[in-house]
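> Next comes the sequence, and after it the predicted model I'd like to discuss.
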Amino acid sequence: MAEMRDYNQNPFIVIWEVTRMCPLHCLHCRAEAQLHPYPGELTTEEGKRLINEIYEMDNPLLVFTGGDPLMRADIYELIGYASQKGMRVSITPSATPRLTRKAICRTKEAGIVRWALSLDGPDAATHDYFRGFRGTFDRTIKAIDTLNELNMPFQINTTVTQYNVDKLPEIAALMANLGAVVWTLFFLVPTGRGDRLRPISPEQHDSVMRWAFQLQGNVPYMITTTEGQFYRRVMYQGNMKRINDGLPPIGRFHDDLARAPRGTNDGNGFIFVSHTGDVEPSGFLPIVCGNVKEESLAEIYRTSPLLQALRKPDGYKGKCGVCEFRLMCGGSRARAYAVTGDYLASEPYCVYLPQAYESEMTGKTV
């Protein structure tokens, strides 16, 4: 069904930021989390109405995120409500004292099908600095032990910055030992607190993605990216070379909780609902397209001029608009906006020169 899904009508995945409450002080936090609820958070009934609307949009994946979703008092009720409708629900909690065996068991009983936890370093010193609190690494490892004991699949998210890029091989080795089914590399978008961090260079983006592609052929877990859409181009190019060399392709196994059969992008198969009901292309592209308290998610997703523009790669500017991989990739619209102020601008950290763009530049030079 996902292969047949029309992204102009329905998203592949919906991220709902159920709260912005969280006691951690993560260096990259886009949510500017705090200890108390922000005014206007969706109520339980408003949340259930949103879940109904999401379900009616061809039942996409639903992810409860935050802040720390475990800080929301009705989180288990909301999980159960979505699960009983037959929805596939994931959760991305923070490594706080709320991350207990009891909490993990309750989410499993309520119907969570996958957890996502963050590790931004291979050791406590690196990870805890990134998260702003001592003990978060050890608490995360303890939670992973519980998930494995309960046969609960989980993925690990790692935000890639200048701070930890050199430690990625160590983190990769740790992934296999921990038993993760997916390792997702989050390529930093300078928004929220993240604008205080140093992103890796365009050349490093390309290098990391080529390294990840080669790694994929030698690890038991799937490697995916967030705000690293040009990884799809790197995979395609790498596999075409392998096929031409008589080698089997890498990374062809499928997991519909981790990777859509065709690429998603900010506002294109992917949509974000904030704690107050604001609808944005993604949590990293904070432009409000509407609010679910005032109109349905389906109406916003399908009719918003901004979202419609994001779903038309031919309208992207610069090299992204003429790139032969624009339908597969499209570049990070969130990063384009964060760096240039224009969500239709070229992906600023992609080093690839499309054939049409290169010919056009050569012609202008002549």
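The structure has been received and is ready for your questions.
> where along the protein do the strands fall?
Counting by DSSP state E, the chain has strands at residues 13-17, 61-65, 89-91, 112-118, 154-160, 182-187, 222-226, 265-266, 269-273, 278-280, 290-291.
> pLDDT weak spots in the chain?
Within the chain, the stretches with pLDDT under 70 are 1-3, 22-37, 191-196, 252-261, 358-366.
> Specify the residue ranges that define each domain of it.
Structural domains assigned to the chain are 13-314, 315-365, following the TED database.
> Export those domains to JSON lines and append columns for distance to Tyr7 and mean neighbour count.
(Glycine included, C-beta is placed from N, CA and C.) Listed next are these as JSON lines, based on distance: least, CB to CB, whole Å; neighbours: other CB atoms under 10 Å:
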{"stretch": "domain 13-314", "distance to Tyr7": "4", "mean neighbour count": "18"}
{"stretch": "domain 315-365", "distance to Tyr7": "11", "mean neighbour count": "19"}
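> Pipe those domains into JSON lines and attach distance to Met4 per row.
Shown next, in JSON lines, are the domains of the chain (distance: least, CB to CB, whole Å):
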{"stretch": "domain 13-314", "distance to Met4": "9"}
{"stretch": "domain 315-365", "distance to Met4": "16"}
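> How about the contacts made by the residue nearest in space to the middle of the chain?
Geometric centre of the chain, nearest residue: Thr226, 4.3 Å, by CA atoms, centre = their mean. Applying CB atoms under 8 Å, 6 or more residues apart in numbering to Thr226 gives the contacts 157, 184-187.
> Which strand residues bridge it?
Thr226 has these beta-bridge partners by DSSP bridges: Phe186.
> ok, so of the contacts of Thr226, who is nearest Ile171?
Nearest to Ile171 out of the contacts of Thr226 is Leu185 (CB to CB; 9.5 Å).
> Might you report the residue contacts of the nearest residue to the closest one once chain neighbours are set aside?
Excluding the flanking residues, the one nearest Leu185 by CB to CB, 6 or more residues apart in numbering is Thr225, at 5.0 Å. For Thr225, the contact set (CB under 8 Å, 6+ apart) comprises 184-187, 209, 212, 231.
> who's in contact with the closest residue to Tyr337 other than its chain neighbours?
Nearest residue to Tyr337 in three dimensions, chain neighbours excluded: Tyr343, at 4.1 Å (CB to CB, 6+ apart). Contact analysis of Tyr343 by CB under 8 Å, 6+ apart lists 266, 281, 285, 287, 306, 309-310, 333-334, 336-337.
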